[in-house]
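Trainee: my questions concern the predicted model and sequence given below.
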Amino acid sequence: VRPNLYCYASVVRACVANGRVNRGLHVLSLMRVDNIAPDVFVYNALLRACARSGRAKQAFSILSEMRRNPSVKPDAVSFNTVITACARARDVDRAFAAFRHLRSASPKLKPDATSYNALIDACAKSGEIDRALDAFSNMERDSV
């Protein structure tokens with residue numbers, strides 16, 4: 001019996017729930033070896049783990065992989081989680097890059113209050129008050 005997507009997803013969630021980010025990422029690599037395509041839920045679980053541990057670079061890398069994968073499209077949760085990871089890591093430039101990717105991902109996908117709050121948090125934690133105020137102005141302009 002070979003594990004399927006649901007088995008792998010359960011293992012990834014278990015790793016994430018127990019703070020074992022590297023183990024979760026290892027399971028992702030095993031999925032690739034077994035030619036099991038991860039879905040948005042597997043990716044988002046790994047993104048949450050990266051966000052909790054402030055691994056902005058790794059979260060951004062996972063988001064980039066999702067964007068290159070034609071069978072998986074990042075959703076608002078994906079982008080917002082990456083922006084949150086960047087905030088925790090005080091990586092404001094990557095937070096803005098993820099925000100720009102969110103804006104350009106799809107006409108159906110738009111920044112919401114969570115997106116803007118995470119972006120403003122990234123600015124605040126990085127001491128970028130002017131950028132935080134600009135983001136707030138854009139939030140008002142976008143009627144969010």
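Mentor: Cool, the structure landed. Numbering: from 1, shown residues only.
Trainee: residues near residue 104, how many?
Mentor: Residue 104 sits with 9 neighbouring residues when counted by other Cβ atoms under 10 Å. The way it works is simple: take the backbone N, C-alpha and C, and place the C-beta from them, glycine included.
Trainee: enumerate every residue touching it.
Mentor: Applying Cβ atoms under 8 Å, 6 or more residues apart in numbering to residue 104 gives no contacts.
Trainee: do you know how far it is from residue 35?
Mentor: 30 Å (Cβ to Cβ, to the nearest Å).
Trainee: just give the number of residues close to the residue nearest to residue 25 when sequence neighbours are not counted.
Mentor: Among residues not flanking residue 25 along the chain, residue 46 sits closest, at 6.5 Å (Cβ to Cβ, 6 or more residues apart in numbering). Look at residue 46: counted by other Cβ under 10 Å, it has 27 neighbours.
Trainee: contact partners for residue 103?
Mentor: Here residue 103 is in contact with 110-111 (Cβ under 8 Å, 6+ apart).
Trainee: for burial, what's the neighbour tally of residue 120?
Mentor: 22.
Trainee: my error: substitute residue 89 in the last question.
Mentor: Neighbours around residue 89, by other Cβ under 10 Å: 23.
Trainee: isn't it up against residue 56?
Mentor: Yes. Residue 89 lies in contact with residue 56 (Cβ atoms under 8 Å); the separation is 3.7 Å.
Trainee: re earlier: what sits against the residue nearest to residue 25?
Mentor: Counted by Cβ under 8 Å, 6+ apart, residue 46 has contacts 12, 16, 21, 24-25, 28, 62.
Trainee: and the helices in the protein?
Mentor: 5-17, 21-33, 40-52, 56-68, 76-88, 92-105, 113-125, 129-141 (DSSP state H).
Trainee: comparing these, which comes out most buried?
Mentor: helix 76-88 (a mean of 26; mean count of other Cβ atoms under 10 Å).
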